[in-house]
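[1] the following comprises the amino acid sequence and a computationally predicted model.
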Amino acid sequence: MADNGDHGRATSRAEGIRERKKRLTRELISNTATRMFLAHGFDAVKVTDIARECDVAEKTVYNYFPTKESLLLDREEEMAESIRQALGPAASKPPIDVALELLAFQLDGILASVPDGRRGVAELRRFTELLESTQSLRAAQRDLDTRLVGVAAQAMADRAGLSPDVPEVQMAAQAILGLWRIQFGALRRYTAEGMTVAGGLREQVTADVERAARLIESGLWTFSSAVAAPGDRERLEAAGAAAQRSAGQVLAALQEARAGVEA
């Protein structure tokens, strides 16, 4: 029995060492690839170049990252799980609230890895510009967004007791996932303007995301109000009445859809 226990502890330690080695190798490959892409451009760097720089086989790179694009867009599983937890049945807050909390957490993580000052912001700007300027990365990002919308729709449908194919669920999922694009766009815009972390980058990006979230939360009534001419009370009242009718129609449609699922 003592021998078996010692063997079990040795196996556990060995597994821990292997997992740590895998994590460090993955981080080395990802960090090296990012550095090389930023320095030379995405299309100019080959996977073989990255493997050589990391002193690993090309096959090893593909074992960790199935595509070249995933060397930069490598957080899909982590994001998908976060979305499931934030929007699914286990969530206790409204979807917009938990989405904002998740976005704030992710923004803090991004900015924590960026040295303060103009040099750090310049690196972040180059990264966002690389994603925007490279056709294959844009296509990969669109595919990733589509998959994550599907994850969000399923999570919200599970929470509401509906099918993920219900139009309201699909629209809600697309709208909420759109907040991630708002955050990315705000980061790109404000870093291009030279705004630093100390200069209010986080606060400005957060303000943009929250503005978009309020629009989603209150519906198109907010948009109608914003574009109404000054003093145009009749138009504003009509927009408010339309919003109330729309809300009633959406609620009725959701109730009918839920009744269909339960039947």
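    Cool, the structure landed.
[2] Glu58: what's it in contact with?
    Counting by C-beta atoms under 8 Å, 6 or more residues apart in numbering, Glu58 touches Val47, Thr48, Ala51. All C-beta spots, glycine's among them, are computed from the backbone N, C-alpha and C.
[3] neighbour-wise, which of those leads?
    Neighbour tally across those (other C-beta atoms under 10 Å): the maximum, 19 neighbours, falls on Ala51.
[4] name the nearest of the contacts of Glu58 relative to Leu187.
    Set against Leu187, the nearest of the contacts of Glu58 by C-beta to C-beta is Val47 (27.2 Å).
[5] if we can go back for a sec, could you dump the contacts of Glu58 to JSON lines with pLDDT, secondary structure and distance to Ile110?
    Below are the contacts of Glu58 laid out as JSON lines (pLDDT from 0 to 100; DSSP: H, G, I helix; E, B strand; the rest coil; distance: C-beta to C-beta, whole Å):
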{"residue": "Val47", "pLDDT": "97", "secondary structure": "helix", "distance to Ile110": "25"}
{"residue": "Thr48", "pLDDT": "97", "secondary structure": "helix", "distance to Ile110": "29"}
{"residue": "Ala51", "pLDDT": "97", "secondary structure": "helix", "distance to Ile110": "27"}
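[6] let's have those residues in JSON lines, adding distance to Ala80.
    Written out in JSON lines, the entries for the contacts of Glu58 read as follows (distance: C-beta to C-beta, whole Å):
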{"residue": "Val47", "distance to Ala80": "24"}
{"residue": "Thr48", "distance to Ala80": "30"}
{"residue": "Ala51", "distance to Ala80": "27"}
